[in-house]
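# Model the following, please.
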Amino acid sequence: MILKFVYLFGPQAVGKMTVGQELSKITDLKLFHNHMTIDLLEPLFGFGSGLWRLSNLFREEIVTSFAKSNEYGMVFTFVWAFNQQEDWKNVERMCTTFLAQGAQLYFMELEAPVEERLKRNKTPNRLEQKPTKRNIKQSVENLVGTMESLRLNSEEGEIKQENHLRIDHTNLHAEEVAKMIKREFAL
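Residues are numbered from 1 along each chain as shown. Next comes the predicted model:
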């Protein structure tokens, strides 16, 4: 069995975690969504540099241990800022960890317009799973504010990976997207 690593990325509230939940239901992939570390650390450190440093360390350790396990594979969600070199380095480190164990990599990119993302920002599942998103005003300000400084979807040809799929998730249910991913990548 070849280890699988699905890198599920896109802007805030596009549906990464929800699609990841559905994908893990129909495959043997385990979901590790980015807020699992953020929401653990935020009560202790706020959103300062301590949170991000430790979150990255935790993620690296979890990914390293998981990549060496006998599990089928992992779905990891991430808001990838394509205009931030540090994000490219984080993606490369995580992928290198899996590749060192002979894993197959899959890059799954979601997109949806900001109007749809603002609606999804308040869904019960999101608020239940991500405590730091329960302050809707702050969450909306962050979502809208990052649009001015960060590019959160790739440009045509920017991702060179063989297994890259981009889906406009605006009018699709998470279950449909998960089935598309499973079928496209034979998971």
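
# Just give the number of residues close to Gly48.
Neighbour count for Gly48, taken as other C-beta atoms under 10 Å: 10. Every C-beta, even on glycine, is put in place using the N, C-alpha and C of the backbone.

# before we move on, what about Arg59?
Neighbourhood size, Arg59 [other C-beta under 10 Å]: 20.

# Spatially central residue in the protein, please.
In the chain, the C-alpha nearest the mean C-alpha coordinate belongs to Thr77, at 1.5 Å (C-alpha atoms, centre = their mean).

# Quickly note the distance from Trp80 to Asn121.
Going from Trp80 to Asn121 by C-beta to C-beta, to the nearest Å gives 18 Å.

# and the longest helix along the chain, what does it pack onto?
Identified as the longest helix of the chain according to DSSP state H is helix 49-67. Applying 3 or more C-beta pairs under 8 Å, 6 or more residues apart in numbering; DSSP states H and E, we find helix 49-67 packed against strand 29-32, helix 35-45, strand 73-78, helix 85-99.

# Buried residues, the third one. List them.
Buried residues in strand 73-78, defined by neighbour count with 16 or more other C-beta atoms under 10 Å: Gly73, Met74, Val75, Phe76, Thr77, Phe78.
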